[in-house]
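Participant: attaching a predicted model along with its sequence, questions to come.
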Amino acid sequence: MQRQPLDRDQRIALLADMLLIRAFEERIVQMAHEKGRLPGMQITCMGQEAVAAGVVRALAPDDVVVTNHRSHGHLLARGVDPGALMAEIMGKQDGLNRGKSGTLHLADPSRNVLMTSTVVGAAPPLAVGAAFAQHYRGEANATCVFFGDGAAAEGSVHEAMNLAAVWRLPVLFVCESNCWAGAQAHKEHCPIGEIARRAGSYAMPGVMADGNAVEQVHDAARDLLGHVRAGRGPALLECHTYRMRGHGEHDPQHYVDKAELALWAERDPIALHAEALRRAGLLEPDAAERLRQIATAAVDAAVAFADASPYPPAAEALDHLYVNPLPPLAKEG
Ligand SMILES: Cc1ncc(C[n+]2csc(CCOP(=O)(O)OP(=O)(O)O)c2C)c(N)n1
Ligand SMILES: [Mg+2]
């Protein structure tokens, strides 16, 4: 397939996206360890930025995104406002979901981010439903769903792939193979190295990409979306990457081999892409640092916005939970 190469601006935009995600997640890590600063569990995608940036930049605005518990990168790449995201993570009133989601159940209908499901393996069946709606309405767009290598062992994921294939639904399944599912290494929950090979069981294309090489991820996603949009059914993209932090910030990852972590640190997706751009003569020596400062300033502004937002009033606790709320129950007696 003849593919249009990315231009300079697109290649730099991938770097800027990854830098914003990294700056945001670094701040989450910092705040998660400040007592009382953030409520609940904090799960970051540090090290996996190339998957979010590469896949999401290949999507069209009308495409639907469904994601999982490790979702901040997907949302930021999709253009979700960092201030609204930070306020939501803090449980504030001006948060993306009025403080009712926190970090784990995020949605942004204005950007077609349908849902974040923290139930492992629940996102793919939801994506099949969204894709069924697209297909039924005769729309030309697709649904992209992110899930982990651990989730790929859940029955629901295979039912979703099977049904999407039988009905030729426009779903791009994206498996972020980050070598871990909680404290379980890949080989403890998966007998084959490449999850992408399972696509063959559902007669769909399955592609394995280097998940730390943002342009490779982007090109693979774009090619597979071409297949999906042509009405030829779903596709599976597996991105091989590494979870650089514990499962969440409560997890000191004592079970992780330090040498393995160091090896992956050398394959940092941001440094790799910046170096590729420099070698191609597209990035001046201090340009990456300037982009990093812009990302840090955006995160500073997001934190200031979130800090200034109040907590939602208790009286609103049951509001805004449903698109079409049920009528209030009639009082007895
Ligand atoms: C149905 C279900 N089982 C277990 C959990 C607890 N849990 C949350 S994340 C996780 C690991 C998921 O691993 P993976 O799918 O590889 O995603 P990753 O965390 O590596 O991004 C587990 C077991 C859950 N949230 N839902
Ligand atoms: Mg995983």
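Facilitator: Nice, thanks for sending it over. Ligands and ions are numbered 1, 2, ... in the order given.

Participant: may I see the buried residues of stretch 33-43?
Facilitator: The neighbour-count check on stretch 33-43 (16 or more other C-beta atoms under 10 Å) flags 38, 41-43 as buried. C-beta here means a position set from N, CA and C on the backbone, and glycine is covered the same way.

Participant: so which of the residues you listed is the closest to Gly246?
Facilitator: Ile43 (9.2 Å; C-beta to C-beta).

Participant: surely the closest one and Leu106 touch.
Facilitator: No: the pair Ile43 and Leu106 does not pass the contact test of C-beta atoms under 8 Å, sitting 11.6 Å apart.

Participant: please tell me how far Leu236 sits from Leu163.
Facilitator: Going from Leu236 to Leu163 by C-beta to C-beta, to the nearest Å gives 14 Å.

Participant: same drill for the two, tell me which one is more crowded.
Facilitator: Each of Leu236 and Leu163 has its neighbours counted (other C-beta atoms under 10 Å); Leu236 has more, 26 against 19.

Participant: tell me which element that one falls in.
Facilitator: strand 235-240 (DSSP states H and E).

Participant: what are the C-alpha coordinates of the helix or strand following that strand, in CSV please?
Facilitator: Counting by DSSP H and E, the next helix or strand C-terminal to strand 235-240 is helix 258-265. The C-alpha trace of helix 258-265 is given here as CSV (Å, rounded to 0.1, in the frame of the first residue of the first chain):
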residue,chain,number,x,y,z
LYS,A,258,15.9,-3.3,37.6
ALA,A,259,18.1,-4.2,34.6
GLU,A,260,15.0,-4.7,32.5
LEU,A,261,13.6,-1.4,33.6
ALA,A,262,17.0,0.3,32.7
LEU,A,263,17.0,-1.3,29.3
TRP,A,264,13.5,0.0,28.5
ALA,A,265,14.5,3.5,29.9
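
Participant: and helix 258-265, how far from the chain's centre?
Facilitator: 23 Å (C-alpha atoms, centre = their mean, to the nearest Å).

Participant: do that helix and ligand 1 meet?
Facilitator: No: Helix 258-265 lies apart from ligand 1 when judged by C-beta under 6 Å from any ligand atom; the minimum separation is 13.8 Å.

Participant: so which bits of the next helix or strand after that helix are buried?
Facilitator: Heading C-terminal from helix 258-265, the first helix or strand you meet, by DSSP H and E, is helix 269-279. Residues 269-270, 272-274, 276-277 are the ones in helix 269-279 that count as buried (16+ other C-beta under 10 Å).

Participant: then stretch 122-137?
Facilitator: If you call a residue buried by 16+ other C-beta under 10 Å, then stretch 122-137 has these buried ones: 122-132, 134-135.

Participant: out of those, which sit inside strands?
Facilitator: Using DSSP state E, no member of these sits in strands.
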